[in-house]
Each structure stands twice: as C-alpha cells, then as structure tokens.
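Asks: Requesting a structural model of the entry that follows:
(chains A and B)
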Amino acid sequence: MRRIGGLIAFGLLGIMAANSAAAQQANSAIEEVQRRVVKIFGAGGVRGLHAYSTGFLISPEGHVATVWNHVLDPDTVTVILHDGRKFEGRVVGAEPQLQMAILKIEGEDLPHFELADAGSAGTGTRVLGFGNMYKVATGDEPVSVLQGVVAAKTRLRARRGAFEVPYDGEVYIVDAITNNPGTGGGVLTTRDGRLLAMIGKELRNSETNTWINYAIPVEGEFADIAEQIMTDRFRSSRDEVKRDEPENKYRAVDFGIVLVPDVLFRTPAYIDHVLPKSPAAEAGLRADDLMLFVDGELVQSCKELEAELGRMEEGDFVPLVVRRGDELVTVELEVPDRDE
Amino acid sequence: MHRLIPLAVLLLMSTCCPLCGQDDVDLATREERVLKQAAALAAPSVVRIETVGGRDRVGSTPGGTGPTTGVIVSADGEIITSSFNFAAQPTSILVTLPDGRRFAAEKVASDGVKMLTLIKIKADNLVPAKPAPRASFRIGQWAIALGRTYPTPAPNVSVGIVSALNRIWGKAIQTDAKVSPVNYGGPLVDIDGRVLGILVPLSPQGNNTTAGVQWYDAGIGFAIPMEDVYGALDRLRAGKDLRQGVMGITFKTKDIYGAAPEIDRVRYDSPAQKAGLKKGDIITDVNGEAVTRIAQIRHLLGSSYEGEQVSLTVRRGENTQQAELTLVGELKPYESAFLGILPERASTEQASEAAGVGIRYIYPDSPAAKIGLAPGDRILRYGDSNITDADELRDAVGRFRPGDELELTVLRGDERKNVTVKLEEIPAVVPETLPPIRPPQRKAKADDGDDADGEGTGRIAETMEGHEHDYWAFIPEDFHPDHEYALLVWIHPGGDTMEADMLEAWKPICRERGIILLGPKAEKVAGWTPNEAGFVKAAVESFLEKYPIDRSRVVMHSYATGGVFATQLVTQDPELFSGVSLAGAPLQTAPPENRPENRLQWYFICGENDRLHRFVELTVQVLTKLRFPVIMRSVPNAGRIYPDAPQLEELGRWIDSLDRI
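Replies: Below you'll find the model as predicted:
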C-alpha cells in the first residue's frame, strides 16, 4: 500500500500554490533544486532490488552525494543530469554509517548545493522532497517533487533494535512518502529550496512494521565527511577496529533478581524472587514486581531486560522503574563488582 | 483568541526566505505557523502509550510493539486510544504524560464499533482534549494528525485535509494526513487545535481491530469524531465492552447497492427470529426511514451497539409487517445439520440423467445410515421441494438444525418412498475407506490428432499476471474438463517453498482423488507479507475460473509458519474456501465467524512433541465451541514435521469428503 501511497502523493504540490507570488517563488526554488539533483542508474534489476537511485551535486566539478546501497555495486554507474546530459560516475568515497557515498563525474561549472549552506528545520515545517522515484523521470526530465511536513526530528536508534541502520544521529521523519524505490539519495529542502537532508534508503520500522520516510541531515557530520571525502582526507569508519563485546556480561541474577521462566516469545520481565542481601534486595525490589524501564529504556521482555543489564558497567548506578500493583516505583541499583 | 497570535508573530519576524529576499511573509508561511501552533495547542492532551507483554503477532498484521498515542479525555486520568494498540492483549500498559511523568494504566473498556479503548491512570489536573463541534466539520479543511511515538518533546505531525465525512457506514472522518501505527490513537486536530477525532485504522469491509492497517500512509486515514467519543464515554466508564449490535439475518444478494434488501437466512435464536422475521421478507423501513438497498441499512445501523432497539417494517408477499428488535452483540454459533451422505458428482459415470441427488457414500451411524439409506439411492425431494443437485440439497439441510426432522423422498431402483430423518451434528470423522471417483476416460489420441495428450497437465510453473508473483501447480495428467476437481492451495512456510517435497508427496493423492494443487510463492521466500494476500486471492480465483473446480472442496493448506498467512487469507476471504488444513500450526488470528452461507471445515495435524501442540489443541477447542466441524490428528513421538504419506492419504480422503451433506 505504501507504494500506492507514493503515487497518490504525486503532484499534490499544487496545494501550496495559494497565492501566485508565493507559488512563483516556490516554483523557481523548485527549479533551482531540480537542476542540482541527478538520476543514478547502476546495479540491481533483480527481483525486489531497483537499479536506480538519486543523487545531488555538491561541487561545481561534479561531486555527487548519494545513498550508499547496491545500486553503486559496479565500478561505474550512469549519472543523468536534469538536462539529460549523461555522465559516468565513480565512487570516490563512502561512509556507510551515514548511508552516504560520494561519486565523481567529469564536469565543470555544474549547478550544485553548497554543503556549508545546509539548514535545519523543526517539527511541522513544510518541506519538499526530490527524487528519482520509480524512475518516472527519464532523460532530460527533472526528478519528481513531493511536499509534506517534518513529522518529527528524532533518533532512529532511540529504541534499540527497532531499525536496521547503523546511523544513530537525528533524522528528519517526514509525512510525505519520500522513501520510495529510487528516491534514496534525493534531497529534502525547505519550501524555498534550502538543502536540509539526504533522503535515506527504504527502511522498515520493525516495531510497528511500517515503512518510514526519513532523511539524514546534511548540516553537521554529513557535510563534514562529504568535505573530507572531496578533499581526500577521509578515513572510512569501516576501517575502525570493531568493538569487542564484553565477555562476561551482567545478568539479572548478578543483581539478585531471579526472573520468571522465559517461556514466551516476549515474556514480561516479572521478578520471580529476589536473592537475600543482593543489590536488588537492598534496593527494595520484590517478587512479582514487573521490570519496565532500565536506565530510561523500556524493556518489554525478559530477553530485553537481560540485554539491557548486559550493557552495564561495574560501579554504575542504574535507575529502574518497576510496576508494583498499579504503582510505578523507581529504584536505583548499584552494579556489583565482577567476581572473577 | 489564538488565531491572532500568528499575526502578531508575523509582525515581529523579518525575512524568511534567502532565495527571494522578500520582506513580507507569504500565505504559505503563515499557514505553516498556524498549523504548528494548532499542534502545540493540542499537544498537552496527547500522551504516549507503551505496552509490555502480549502476543507478538496479531494475525500476520503488525503486532505493534512500538509506542503509540492516546488522548486525555478527563482531568482525572481517562485516556482514549485506538483499540489497535491493544490487539496483542498486552499484560501491562504504561502512559507517559507530556510533562514526562509515567503512570501504569488500566484498561477500562473497549468500543468494538468505533475501535476505541478507554484506559485510566491515577493522575489529576490533566488537560482533556477540546472537541471540535461536529457542525464545524468541512470537507477540505486543514486536519493535523498528531502522534507521540518518538521521544521528542513535541508530538509528531502530519498535515492534510478532511477528505470526507461520515465514512465507513457513518462512523468516521476521512483524512489525507498520513495515518499509521505512529499516530493511531492520537488526535486529528483542526487549525484551532481542537480535536476533530481520534485516529483509528478502519476498513469498510473488515471489522476487527487491525482491519484497515493495510491502508497506512496511503492518503486514506480515518478518525472517529471526538463528539462521538465523548458521547460513548459514559458507557465505556461503566467498564463493559461495547459491541456492534446485530440482528441475525443475511440477504439474498451480495449486491448491496442494487437489489432490494430481501432476507435470505434468519439465524436460529437471533433477534430477527424472535421478532418473527422470515426468509423472503423485504425490509422497507429502518427506524422510520425508508430503505430500498442493503447499503442504506448498513449506513443506518453501522454504528449501532448491542442492546439498542431497532424497528423494521418488512413486506411479506402482499402484507406489511412490523418488527421490533433488540440488537445483540453475538449470535449463537451456527450449527450445520448433517444427513450423513456424500453425493454423487456430476461426472460420476453412474450419474444418469435421473432426477435428484445420487448417494455415493453413507457415513456409518449417521442419520442416513439409521434410516437405511444406501449408496446408489437417489434423494428426489425434501418436504415439498424438488432437488436438482447436491448444492441445493446441502443448502436445504444447512437451513435446519441438528435435531430437526426432515422429510425426504428417496428412489431406490424403481421404488419411491418417503422417509423422515432426524438430522444430527456434523461429526469429526473422515471416511475410513472411500473409493475415489475417476475422471471420464479421455478420447483416444487418434480421434483428435493435434490435441496432445496431457498438455498443460502435470507440474506447471507460471507468473501471475499483474502481480509479478510466481506460482507452481500440479494438474493430474488424466485431467478431464468434465470432471469436478478439488483445489488444494498450498501456503508454504517461511524460508522454504517445499515445492519438490510437496509435489512428490501429493502427486499420487492428487491423481487418485482428483485434486489440483496450487502453490503460490511468496515474493521473498523468507516469509509472506500481508500485502501478498491480493496475489494469492487472484491466483485462486484464476484457477477457479480456468478449471472445473467444485467450490465445496477448495482447501487452504499450510505448514508451520505459513499458518499465520494462510489463516489471514481465509479470514479475509472466507467465501473462497471450504476447508482449512494446517500442519504444525495453530490458529493465530481470531477465528472467522461460523456462517451458514459458507461452511468451513477444519483439519489440524501436529506432532505430539511439537512446542505448538497444546496451542493446536486450544485452537481445536475454540473452533469446536464455535460449532465448526474440526478434525485433529496428533502424531505420536513427532515434533515439528510435515505429515508423511499415510497421514496425507487420510487428508486426501478428508478433502474428497468435504462435499458431505
């Protein structure tokens, strides 16, 4: 249904044409943006994977920022400008953490966005999305434009495991259906054409099982790293050493908490009993308390509770919220020393 | 008063627009400010709701575990939200107020008509939502959908307009603001920050808590008018769930916009039966309003609750009749009566031009056996009506209840006799031996030279037109267009189409029992998504059209994780299927309603050591309680494993006997 949603959202732009001066101004802003957005064709075409995406020019000599995905798998991809000019593009750098890749095409005096001018916008601000959705734009046709508002500006990873993305900074969630096939790598701008963010790849929210429409802000880290790539000073985060998982993680029982047997897919984390003289006993936890929040994070099951406690470090104080009867009780637990 | 604020703000602002450099602020910018402000005005009444525990899936629709939204409706802690948020029946509900305070909440009651749930927290001095008066509703007015699913101080927003009023049988406002699980339960507010309605998933067809979710973010969203929410509040406060009121009738036609509302079936012990309504009555007035089409009746009664009074006027022949009904929330489960025979089929070679229905098989100890009926006998009449085919006899018997007596006229050889039979419940048995019915012999090749024998039979693999989805199928090699086949629709489990195994196991059974096997494939073998229901439905319909298939033997079959999607399909389109057979899978959705107009029979098979075995047993209990005919087979010393040959042989016999009467 999302796909149909995308099509319905098409061409609703007319709503903003409330008075002609404003409309004209918006139109010229749109044209300005469209001149800087390119269509990218690369690998894919196999079932379920589209072979096209979007990018935007960020230097007069042909640097193109786009989304890091399978479309860029071949050595070169085809980049088509708004006026139909066709270029060969090569990846010169990428930062998968930001879902960002920078391509280079051989051009000069190309219309482009100045990364330093990227702005920001708050919830409720009207925005425009530009992208090569469903590759409906061909040849010298400019990319499609959608309108919507910023639904929220928030972290995707605010709740663990909800999204399968490495990026944990703030993103714009928008109420236009921007995350359609091919729109990834497009831009989100204000109504007057100011660059805000790069539209991310298609992403499902595993908590609600819905597709989300989001874009990664250009201002800040994205712009910095893009600059570094363009000036050849960037070292990818992929080269960094992987963090080792701590080997003996804390478990509930280390705090003196014995949970009810974990029999269901999502067994609520009820305390079966509390070990005497343990940190849990000292904090006043009791049998039948339902563990709800650990360090501010909602835990919806025994498994999530164990995972959350596993993150604790020796000597930390962990605020816990438990439900006792119909009251919520807040306690603080000290993380015990590790017995080696 | 707050309408003036944006203007005041405007005067203080200087430029807004780097590209144009104009000093005055255009209309769109002013609009944007007013919209933001409307959201801010409503925000103090919008809370975040989180749940702990409960089922991980609700059918195959998203069992939302994410945070959702609610709206404060009283200063002392009452909060209304979408029932969708509680479809998974969580064990604990948590509410976070806009100021960050957290409370445990209790569920008070649900409204099953408007799909709303009232919850309560122990808090005071809250800010109840201000309703927008219904008289102020205008199609085309701004509508802002608010949710509190992100950990941001301000609610998440989506801006749209009111697209329509009185949608879904008069229940809801329609909006093109994006409505999805991120704002279900939240408010749809107007430009003054007043609440137009509460956002809920709804669908004109479905009537369960998750119906309509497939429309999320599609530009089709629904909200229950806030005035109606406040109107239902007192009843919800009483703590009793509100249910849709029903009369207990079905109509002769499915054409709800054209034909006259003529009653077909009147359910046993229903309000309609108590009020004396009968088959053939045509409803002409509902609560004093004249009606000529079924759709009008649904509009008038679509949001009626259990316990409400309805007065009907019906035309019966030349007369006009008045009927007063008290709607009920639930009908007594339908029980199909059983005669105890399998009918001969049109293609059975013995089937002559003779009138009535020939008997192929008699169930031992059945009513038919007790009065001495035997295979080969023909049933010519029941009561005063002639019988022309098996469907007619099945429909006739289905209108009686177990225990009722039925007069039959039976032909044995040349002898006609009248018998009275006392009908019983459909038993949970499969005939132990059942000689198959062979298709007629094909003409020898010599007769029509270019018709290659067996073309289009055996295993075939095709792509469903218009859906870009593949399916495979097995058509018995001796396929004959005059033979009536059963259709077995195979929904593979996640991760494995099992095509080769299924083909090997089922080929001999399909040949023997005249079964066409259809195996749709999920787009991603890893698992089915609810959106793929349309493809499967289209595939089944295309087979029903292409091949001579007996509608009383169309079976949904699945194994393990495929069961969820399989039962979703059956629940969505019950009229397509007449049997459901699940191996190693319980029913994970609410069971479909047991309706006389389309009989559904069930067959479960599960390894004794399967972790799900006890849930399968529970399913069988639930379905039996609903008076469905259910067979359950436990395989000793087996875990999660697809049934082997002897078990499938019985399943084949079950499929071959689904047309029992």
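Asks: Let me see the mean pLDDT of stretch B:528-546.
Replies: Mean per-residue pLDDT for stretch B:528-546: 88.
Asks: So that stretch, near chain A or not?
Replies: Yes: for stretch B:528-546, a contact with chain A is found by C-beta under 8 Å from any C-beta of the partner chain, at B:Asn531. Using the backbone N, CA and C atoms, a C-beta is placed for each residue, glycine as well.
Asks: what comes into contact with that stretch?
Replies: Contacts with stretch B:528-546, where a contact means C-beta atoms under 8 Å, 6 or more residues apart in numbering or on different chains, come from A:1, B:59-61, B:214, B:464, B:466-467, B:469, B:471, B:473, B:487, B:489, B:491, B:494, B:516, B:518, B:520, B:522-523, B:549, B:551, B:554, B:562, B:564-565, B:568-569, B:572-573, B:576.
Asks: Walking through the stretch 1-150 of chain A, point out its strands one by one.
Replies: A:37-41, A:52-57, A:63-67, A:76-80, A:86-95, A:100-104, A:126-131, A:144-155 (DSSP state E, counting those that start in this stretch).
Asks: how about those, which one is nearest B:Asn183?
Replies: Closest to B:Asn183 of the strands of the stretch 1-150 of chain A, according to C-beta to C-beta: strand A:144-155, at 8.8 Å.
Asks: Mind giving me the packing neighbours of the helix or strand following the closest one?
Replies: Proceeding N to C from strand A:144-155, the next assigned helix or strand is strand A:170-174, under DSSP states H and E. If you count contacts as 3 or more C-beta pairs under 8 Å, 6 or more residues apart in numbering or on different chains; DSSP states H and E, strand A:170-174 packs onto strand A:126-131, strand A:144-155, strand A:195-199, strand A:214-217.
Asks: Could you identify the buried members of the contacts of stretch B:528-546?
Replies: Taking 16 or more other C-beta atoms under 10 Å in any protein chain shown as the criterion, what is buried in the contacts of stretch B:528-546 is A:1, B:59-61, B:214, B:464, B:467, B:469, B:471, B:473, B:487, B:489, B:491, B:516, B:518, B:520, B:522-523, B:549, B:554, B:562, B:564-565, B:568-569, B:572-573, B:576.
Asks: who wins for proximity to B:Ala123 among the helices and strands packed on strand A:170-174?
Replies: Closest among the helices and strands packed on strand A:170-174, once you apply C-beta to C-beta, is strand A:144-155, at 25.0 Å.
Asks: Sheet partners, orientation included, of the closest one?
Replies: Using DSSP bridges, the strands paired with strand A:144-155 are strand A:126-131 (antiparallel), strand A:170-174 (antiparallel).
Asks: and the gap between the residue in the stretch 301-450 of chain B positioned nearest to chain A and B:Gly185?
Replies: Residue nearest to chain A within the stretch 301-450 of chain B: B:Gly302 (23.5 Å; C-beta to the nearest C-beta). Here the criterion is C-beta to C-beta, to the nearest Å. By it, B:Gly302 lies 22 Å from B:Gly185.
Asks: Likewise for B:Thr175?
Replies: Relative to B:Gly185, and taking C-beta to C-beta, B:Thr175 is found at 15 Å.
Asks: next one: B:Trp142
Replies: B:Trp142 sits at a distance of 21 Å from B:Gly185 (criterion: C-beta to C-beta).
Asks: what do you get for A:Tyr167?
Replies: Separation of A:Tyr167 from B:Gly185 (C-beta to C-beta): 28 Å.
Asks: And for B:Val34?
Replies: B:Val34 sits 25 Å away from B:Gly185, going by C-beta to C-beta.
Asks: Compare the two (neighbour count), which wins?
Replies: Between B:Val34 and B:Gly185, counted using other C-beta atoms under 10 Å in any protein chain shown, the more crowded position is B:Gly185 (30 against 20).
Asks: does that one really touch B:Phe84, like I thought?
Replies: Yes: when contacts are counted by C-beta atoms under 8 Å, B:Gly185 is listed as touching B:Phe84 (7.3 Å).
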